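1. coordinates for the following, if possible.
(2 chains, ligands or ions: 2)
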Amino acid sequence: MLEIKNLHVKINENDKEVIKGLNLTIPDGEVHVIMGPNGTGKSTLSQTIMGSPKYSITSGEIEFNHKKLNDLATDERARLGLFIGMQYPTEISGVKNVDFIHAAMNAMKPAEQKVSVLEFMHRLDKVMDFLDIPEDYTDRYLNEGFSGGEKKRNEILQMMMIQPQLAILDEIDSGLDIDALKVVSKGINEMRDDNFSALIITHYDRILKYVRPDVVHVMMDGRVVISGDYHLAEQLEAGGYATLRDRLGIDAKLVDD
Amino acid sequence: MSLSIQEFAKKNNEPQWLAVKRMVAAKMAPNFAIDNQQRNFNFAKPNLNQQKINFSNQASDQHQKDGVIAMDLFAAANQFPELIQENFMEKAIYWRDNQLNANHLAYLQSGGFVFIPDNKYIDEPINISNLIQHDNQEKHLLIIAAAGSASNIIFEDKNTNIENDRLMIEVLLGDHAKVNFYDAALSKAQNTHRVLNAYLAQNAELNTYTSLFNHFNSRYDSNIDLDGVGSLATINLINLADKQQKQLIKTKIVNQSEHTSGTINERGIVADEARTICDTTGQIKQDAPNSYSDQTNRLLTLSKESKGKIDPILLIDNHDVIAGHAASVGRVNADQLYYLKTRGIPAKEARLLLTRGFLIPLINKFPDEKIRKQMMINLEERING
Ligand SMILES: Nc1ncnc2c1ncn2[C@@H]1O[C@H](COP(=O)(O)OP(=O)(O)O)[C@@H](O)[C@H]1O
Ligand SMILES: [Mg+2]
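-> Ligands and ions are numbered 1, 2, ... in the order given. Presented below is the predicted three-dimensional model:
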């Protein structure tokens, strides 16, 4: 279970406060969605949960399975079962996708449970097949020269190989054509069970047709301003963020205004 | 008890001219130049002890069929004096150049000679690692690629634990000869000095690939002379320094004639408290119009205490040329490190992955698949201790 209490976060580079008193709880087994206008702090939130060095928590707490994350290193958080699918996955030349994923899987496991190359390749084949990923992915360098869609698929591939407890998926649906969107959704649905939860960050309700969320949150100006079920997303799609903002009487400037 | 040079030469059955040349070099050495940086590598004279010399051609059966010669240098000096007398330490590495060279000639303990016959295309890589006694201090390789030949040659150190280690490699290429040379410097000696010099005739092509993976203080010198019109050379070098290691890497390509091309590509990792200095020179002489000279140096420092320094130098006497250089010393990319950590990979291992990733693009350039694999193995072994 992920619990975020009254979180305030600033950007280190310019000291700007972006997250301004955010509360969020995601119980095990649930899929939550955060929607919100551009520049509202969604990526900042997800990167802060993972412990990116670009952001600092000024007050509040993040707990995962009742363990406080605030002062843990990023790799320690990952080994607790957290995963982030990034909005803009990093390219790393010279590091093969296959070597990277193998290293990641083994990093999650204690020494006596390391996955052999054979076991690993077998599992990788299966998952790649499931996600319709072409074979040449493995030998290519990590995300180098990948299209936007290929990068997103690669994030889902990693998620399915690593089997995290909580996956934060930041705009995993953006830049995908309908087939790719279906594949990505299939991957997320395959992961769903009582011990897995997800936080899907998105702009549009498109992906929600394929991945039914348990809870939808709307984020504006660094806070969750309203939560509800699936229908909230539909309303939002119909009326837009400005209508919702005005209805809730929030004093927030939208980038697109 | 060490033998005198004369006694040693006699036991080796060296020809008279070689024994005399060595004695003259010993006598004259103190008169030759030596700079401060070289002084650390002016090793104490080694013990000259009689060794068993293999007088036969040690090339593989297939290579022998193609006419390749790979044999002991002292044995070759008897058998092929016409090839050795005018080339050995006269063209690519000139024995009078400095004290180190003269002493090396005088106290040379073990050497290898390689000859690739003219107009032969040798497909299978020629491994010459066993031509010399690795636990000797002063070692030498003379490689002659005759006109129109093409070959891939590989040399790997056996990592012995001797105090001082010097290997000088000369590569001479005839008209239209082509050599790809992989040199793996893997010495665990306290002080290592490696020299790889080459001399190219018309339209010859030399590509050297060096893995500089020594463990302690080391100096690497490479000087390539593009003497023949239309000749082309590339130095590709990857290096790794860690702990308290000090590395000095001096590479230089001189465009002597027109339509020549010289490229230097270096990538290195500096970890812990190590210190690496790259001194990289491209020189275009007056008589070399329409030539090309380019150097790229990149050093990646892994810790706050590690230091990297690059001195790129372009000396241009003819302006009808294309020349450029790029140099950078940088830290590990923070975004890449973060991405790896989000997958649970600990910082130390993440740095290793990035280290490999940084060096591999140069390894991938080597044309022979088998040798590429060997380069990867050398890299893994060096990274893992
Ligand atoms: N590393 C950064 N450096 C500078 N400004 C940043 C950085 N990250 C985010 N911001 C700023 O913080 C605000 C929130 O950004 P972000 O979290 O990416 O929003 P969202 O993901 O909701 O679009 C924006 O104004 C953005 O420009
Ligand atoms: Mg975002």
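
2. in chain A, what residue comes closest to chain B?
-> Here chain A gets closest to chain B at one residue, A:G94, 2.8 Å apart by Cβ to the nearest Cβ. From N, CA and C alone the C-beta is placed, and that goes for glycine too.

3. could you find the closest non-adjacent residue to that residue?
-> B:G357 (2.8 Å; Cβ to Cβ, 6 or more residues apart in numbering or on different chains).

4. so what's the one you found up against?
-> Residues counted as contacts of B:G357 (Cβ atoms under 8 Å, 6 or more residues apart in numbering or on different chains) are A:92-95, A:141.

5. what is the burial count for B:E380?
-> Residues contacting B:E380 under the criterion other Cβ atoms under 10 Å in any protein chain shown number 11.

6. then A:R245?
-> The tally of other residues near A:R245 (other Cβ under 10 Å) stands at 20.

7. try B:L141
-> Using other Cβ under 10 Å, the number of residues around B:L141 comes to 22.

8. which element is it on?
-> Assigned by DSSP states H and E, B:L141 belongs to strand B:138-145.

9. how about that strand: buried residues?
-> By neighbour count on 16 or more other Cβ atoms under 10 Å in any protein chain shown, the buried set for strand B:138-145 is B:138-145.

10. check contacts around residue 244.
-> Since you didn't name a chain, this refers to chain A. A:L244 makes contact with A:218, A:225-226, A:235-236, according to Cβ under 8 Å, 6+ apart.

11. let me rephrase: I mean chain B.
-> Listed by Cβ under 8 Å, 6+ apart, the contact partners of B:Q244 are B:272-274.

12. that one sits in which helix or strand?
-> Short version, using DSSP H and E: B:Q244 is in no helix or strand.

13. swap in A:S227?
-> The secondary structure element spanning A:S227 is strand A:223-228 (assigned by DSSP H and E).

14. over to B:E258?
-> In this structure, B:E258 sits in neither a helix nor a strand according to DSSP H and E.

15. go on, the one 5 residues further on?
-> Using DSSP H and E, B:T263 falls within strand B:261-270.

16. run the chain-centre distance for that strand.
-> Using Cα atoms, centre = their mean, to the nearest Å, the mean C-alpha position of strand B:261-270 is found 13 Å from that of the whole chain.

17. then stretch A:88-100?
-> 18 Å.

18. and for stretch B:95-103?
-> With Cα atoms, centre = their mean, you get 17 Å for stretch B:95-103.

19. hmm, who's touching that stretch?
-> B:21, B:25-26, B:28-30, B:32-35, B:38, B:41-43, B:45, B:89, B:93-94, B:104-105, B:138, B:166, B:168, B:193.

20. equivalent analysis for stretch B:303-312, please.
-> B:241, B:268, B:270-281, B:295, B:297, B:299-301, B:325, B:327-329.

21. wait, isn't B:A185 in contact with B:D157?
-> Yes. With contacts counted by Cβ atoms under 8 Å, B:A185 reaches B:D157, the gap being 5.8 Å.

22. ranges for the helices of the chain?
-> Because you didn't say which chain, this covers chain A. With DSSP state H as the definition, chain A shows helices at residue ranges A:42-50, A:74-79, A:97-107, A:117-130, A:148-162, A:178-191, A:230-248.

23. my bad, the chain I had in mind was chain B
-> When secondary structure is read from DSSP H, chain B shows helices at B:5-11, B:16-28, B:36-39, B:61-65, B:73-79, B:81-84, B:99-106, B:334-341, B:347-363, B:369-383.

24. in terms of secondary structure, what does the fifth one contact?
-> Spelled out, it's helix B:73-79. Identification of packing neighbours for helix B:73-79 by 3 or more Cβ pairs under 8 Å, 6 or more residues apart in numbering or on different chains; DSSP states H and E yields helix B:81-84, strand B:110-116, strand B:138-145.

25. flag every buried residue along it.
-> Across helix B:73-79, burial judged by 16+ other Cβ under 10 Å covers B:73-77, B:79.

26. same question for it, mean pLDDT?
-> Taken as a whole, helix B:73-79 has an average pLDDT of 96.

27. also the second one?
-> Mean pLDDT, taken over the full extent of helix B:16-28, equals 97.

28. for the strand holding A:S227, buried residues please.
-> Of the residues in strand A:223-228, those scored as buried under the neighbour-count criterion (16+ other Cβ under 10 Å) are A:223-227.

29. tell me where the model's unsure across the chain.
-> In the absence of a named chain, this looks at chain A. When residues are selected by pLDDT under 70, those of chain A lie in A:255-257.

30. not quite, I wanted chain B
-> For chain B, the ranges with pLDDT under 70 are B:1.

31. show me what the residue nearest the centre of it is bridged to.
-> Central residue of chain B (Cα atoms, centre = their mean): B:L196, 3.3 Å from the mean position. With DSSP bridges applied, the residues forming beta bridges to B:L196 are B:I169, B:S222.

32. correct me if wrong: it contacts B:T210.
-> Yes. The pair formed by B:L196 and B:T210 meets the contact definition of Cβ under 8 Å, at 6.9 Å.

33. now do the shared contacts for these two.
-> If you check B:L196 and B:T210 against Cβ under 8 Å, 6+ apart, the residues they both contact are B:183, B:220, B:222.

34. dump the residue contacts of the residue of chain A found nearest ligand 2.
-> Chain A approaches ligand 2 most closely through A:S43 (3.2 Å), counting by Cβ to the ion. If you count contacts by Cβ under 8 Å, 6+ apart, A:S43 has them with A:87, A:170-171, A:201.

35. same check, this time on A:I101
-> With Cβ under 8 Å, 6+ apart as the criterion, the residues that contact A:I101 are A:124, A:157-158, A:161-162.

36. do that again at 7 Å, thanks
-> A:I101 makes contact with A:124, A:158, A:161 under the criterion Cβ atoms under 7 Å, 6 or more residues apart in numbering or on different chains.

37. what about it, distance to B:N290?
-> Taken as Cβ to Cβ, to the nearest Å, the spacing of A:I101 relative to B:N290 amounts to 49 Å.

38. find me whatever residue is spatially closest to B:K243, sequence neighbours aside.
-> The shortest distance from B:K243 to any residue that is not its chain neighbour, by Cβ to Cβ, 6+ apart, is 5.1 Å, and that residue is B:D272.

39. now do the phi/psi pair for B:S306.
-> phi -80, psi 150 (degrees, to the nearest 10).

40. what's around it, how many residues?
-> Neighbour number of B:S306 under other Cβ under 10 Å is 21.
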